[in-house]
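In: here are the coordinates; sequence isn't available:
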């Protein structure tokens with residue numbers, strides 16, 4: 001596949017992917033369980049698949065914390081941070097055309113989702 005827009009859409013268009021990236025952007029570093037709780041994701045399998053895809057595409061970094069119990073932390077890579085700039089542009093576009101609430105630019109998208117504002 002040579003179309004970069006289509007390739008990007010196939011990655012980001014999967015359910016939960018953008019919300020995971022947004023949560024990491026606003027929280028800096030989160031464990032698997034913290035992400036699952038914050039996002040209300042119904043199964044661990046889904047979040048595990050999305051995290052694996054994001055890591056494979058170098059958008060997030062996984063760090064294993066060797067303590068008892070063993071813990072895994074996730075953070076955005078530089079590539080992931082660069083992608084969040086696009087999300088902020090989308091928010092600005094939405095505000096300009098009144099597609100989103102005025103507070104959208106400073107709010108985590110996940111907070112709006114669970115408040116049913118979207």
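Out: Structure's in. What do you need? Please read these numbers as outputs of a predicted model, since none were measured by experiment. Numbers count the residues shown, from 1 in each chain.

In: In which helix or strand does the most far-flung residue of the chain relative to its centre reside?
Out: Centroid-distance maximum for the chain: residue 68 at 27.3 Å, with Cα atoms, centre = their mean. Here residue 68, judged by DSSP states H and E, is contained in no helix and no strand.

In: Longest helix in this protein, please.
Out: Across the chain, the longest stretch assigned as helix under DSSP state H is helix 78-96.

In: Show me which residues of that one are buried.
Out: 80, 83-84, 91 (16 or more other Cβ atoms under 10 Å). Every residue, glycine included, has its C-beta placed from N, CA and C.

In: now that helix, how far from the chain's geometric center?
Out: Centroid separation between helix 78-96 and its chain, computed with Cα atoms, centre = their mean, to the nearest Å, is 12 Å.

In: same thing with stretch 55-71?
Out: The chain centroid and the centroid of stretch 55-71 are separated by 16 Å under Cα atoms, centre = their mean.

In: Who's the closest spatial neighbour of residue 71, skipping the chain neighbours?
Out: Setting aside the residues directly before and after it, residue 71 is nearest to residue 65 in space (Cβ to Cβ, 6 or more residues apart in numbering), at 4.1 Å.

In: tell me the phi and psi of the one you found?
Out: In terms of degrees, to the nearest 10, the main-chain angles of residue 65 are phi -100, psi 110.

In: How about the contacts made by it?
Out: Residue 65 sits next to 71-73 when contact means Cβ atoms under 8 Å, 6 or more residues apart in numbering.

In: hmm, try it at 10 Å
Out: Contacts for residue 65 (Cβ atoms under 10 Å, 6 or more residues apart in numbering) come out as 31, 71-73.

In: What of residue 58?
Out: Per Cβ under 10 Å, 6+ apart, neighbours of residue 58: 77-80.

In: Quick check: the two most widely separated of the residues you listed?
Out: 78 and 80 (7.2 Å; Cβ to Cβ).
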